[in-house]
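Colleague: Sequence isn't available, so here's the structure alone:
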């Protein structure tokens with residue numbers, strides 16, 4: 001028996017590949033199937049099952065394509081209704097895999113079909129739990145995403161999750177290894193550890209939601225406290241995972257269409273496509289195609305695309321670093337953005353060499369910022385998360401998290417200058433590109449973000465004073 005965790009940092013997602021005596025199972029695969037078929041061919045094993053812990057909201061699973069390619073059935077827990085062939089297993093049902101068995105533990109609460117898969121080894125010992133979004137390392141799944149589908153409130157779902165954990169998960173031996181579907185950085189929980197593997201015993205000792213003698217009321221209150229609104233694309237990903245989607249290969253074919261600058265210009269105008277530039281913020285600010293939005297491929301690319309663009313049906317046209325076209329399309333499809341028209345052949349240099357119009361971001365160093373800033377007079381927008389802002393920020397800066405830009409941008413006074421920064425430049429350049437694309441040019445972005453600012457003598461505080469004030473005055 002072998003277990004491999006296939007972890008994708010950009011999505012903070014863990015898929016699992018299990019083999020035993022010539023047979024394999026894959027749990028919660030990502031959209032592209034090649035990594036899994038490569039492993040099957042390498043090991044000379046047959047894929048017997050594709051297990052899905054629930055209908056994922058934060059990514060599009062590769063279950064449909066993988067099933068078509070291999071003939072392996074897709075297995076969900078109870079309450080799962082698909083628009084494609086799938087097995088909706090019963091609670092406690094066991095699936096033989098070589099010399100081991102995988103047992104379904106129905107654990108509703110995150111969603112109503114949510115299930116964990118318990119691996120029972122060759123000796124009949126309960127070995128490991130693939131816990132999906134029911135149990136994370138340091139946290140549990142958020143109970144607010146399935147309210148409409150379940151016709152329940154988030155408190156009712158949280159109470160359901162409380163009993164699932166205590167009746168099905170916490171009763172397992174302390175030695176059972178826990179393999180969750182996500183780690184720190186995922187929007188499917190709020191307090192996840194950077195660790196991606198643990199044990200039941202360790203979680204019972206350290207996870208706030210598994211605290212001994214915790215009451216249902218305490219659990220509901222603590223699990224629901226501080227939940228941020230889910231990203232806009234979540235519901236659309238759930239629908240794709242339930243109904244199916246265009247094959248990854250076909251979507252990749254569209255995205256790999258190379259367009260000359262002239263063709264690119266025409267395609268953007270005729271389709272109303274969003275121009276998505278995935279180059280580094282350190283390169284983007286110096287020159288880019290007007291109206292482009294910059295979300296760098298080197299950061300948390302796919303989650304930010306999902307959170308800020310929102311509508312997976314939005315046509316997209318790409319500018320990437322040379323050689324990064326396929327990787328970019330792949331990452332977009334993982335979160336359901338399949339309407340990719342093509343990419344600029346030759347990258348941004350081809351556009352520049354064609355003599356086309358170019359825009360740029362007004363960026364200064366933290367040292368220049370220190371010389372110019374007048375506390376109490378100049379406005380400063382901090383687009384980091386509220387928790388980062390509360391830890392320390394520039395005196396009298398406004399807390400305007402990037403995730404909420406589509407809400408707060410309307411409060412920006414277009415005739416009053418402001419400075420904008422994040423932690424290191426990735427998020428503030430995303431915000432800058434969005435502001436410019438919507439006609440706001442009255443700002444200066446700070447290179448290196450708060451990390452660089454902290455090296456200056458600019459006054460800073462952890463006192464929250466401006467976070468909820470209007471930007472207009």
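Modeller: Nice, thanks for sending it over. Just so it is clear, the model here is predicted, and its values are computed rather than measured.
Colleague: Please make it C-alpha for all contacts and neighbour counts, starting now.
Modeller: OK.
Colleague: From what I see, residue 312 and residue 235 are in contact.
Modeller: No - contact status for residue 312 versus residue 235: not in contact, 10.1 Å apart, counting by CA atoms under 8 Å.
Colleague: more crowded one of the two?
Modeller: Neighbour count, other CA atoms under 10 Å: between residue 312 and residue 235, residue 312 has more, with 21 against 18.
Colleague: Just list the residues touching that one, thanks.
Modeller: Listed by CA atoms under 8 Å, 6 or more residues apart in numbering, the contact set of residue 312 reads 233, 236, 306, 335, 336, 337, 338, 339.
Colleague: Around residue 48, how many other residues sit close by?
Modeller: The number of residues near residue 48, taken as other CA under 10 Å, comes to 22.
Colleague: residues contacting residue 87?
Modeller: Each residue near residue 87 by CA under 8 Å, 6+ apart is listed here: 73, 74, 75, 76.
Colleague: show me the contacts for the last one.
Modeller: Same thing as residue 76. Taking CA under 8 Å, 6+ apart, one finds 51, 52, 53, 54, 86, 87, 88, 89, 113, 115 in contact with residue 76.
Colleague: Look up how far residue 429 lies from the closest residue to the fifth one other than its chain neighbours.
Modeller: Spatially, and ignoring its direct neighbours in sequence, residue 86 is nearest to residue 74 (4.9 Å; CA to CA, 6 or more residues apart in numbering). Here the criterion is CA to CA, to the nearest Å. By it, residue 74 lies 41 Å from residue 429.
Colleague: Name the residue in these two with the higher neighbour count.
Modeller: Between residue 74 and residue 429, counted using other CA under 10 Å, the more crowded position is residue 429 (29 against 22).
Colleague: before we move on, which element is the more buried one in?
Modeller: Element membership for residue 429, per DSSP states H and E: helix 426-437.
Colleague: try residue 349
Modeller: Short version, using DSSP H and E: residue 349 is in helix 347-353.
Colleague: Equivalent analysis for residue 308, please.
Modeller: helix 301-309.
Colleague: quick one, helices of the stretch 1-150 of the chain?
Modeller: 34-43, 63-70, 147-150 (DSSP state H, counting those that start in this stretch).
Colleague: What pLDDT does the model give the closest residue in space to residue 240 that isn't next to it in sequence?
Modeller: Spatially, and ignoring its direct neighbours in sequence, residue 240 is nearest to residue 60 (6.8 Å; CA to CA, 6+ apart). Listed pLDDT for residue 60 reads 96.
Colleague: Tell me the spacing between residue 60 and residue 336.
Modeller: Counting by CA to CA, the gap from residue 60 to residue 336 is 6 Å.
Colleague: what residues does stretch 385-395 touch?
Modeller: For stretch 385-395, contacts defined as CA under 8 Å, 6+ apart pick out 375, 380, 382, 399-402, 450, 458-464.
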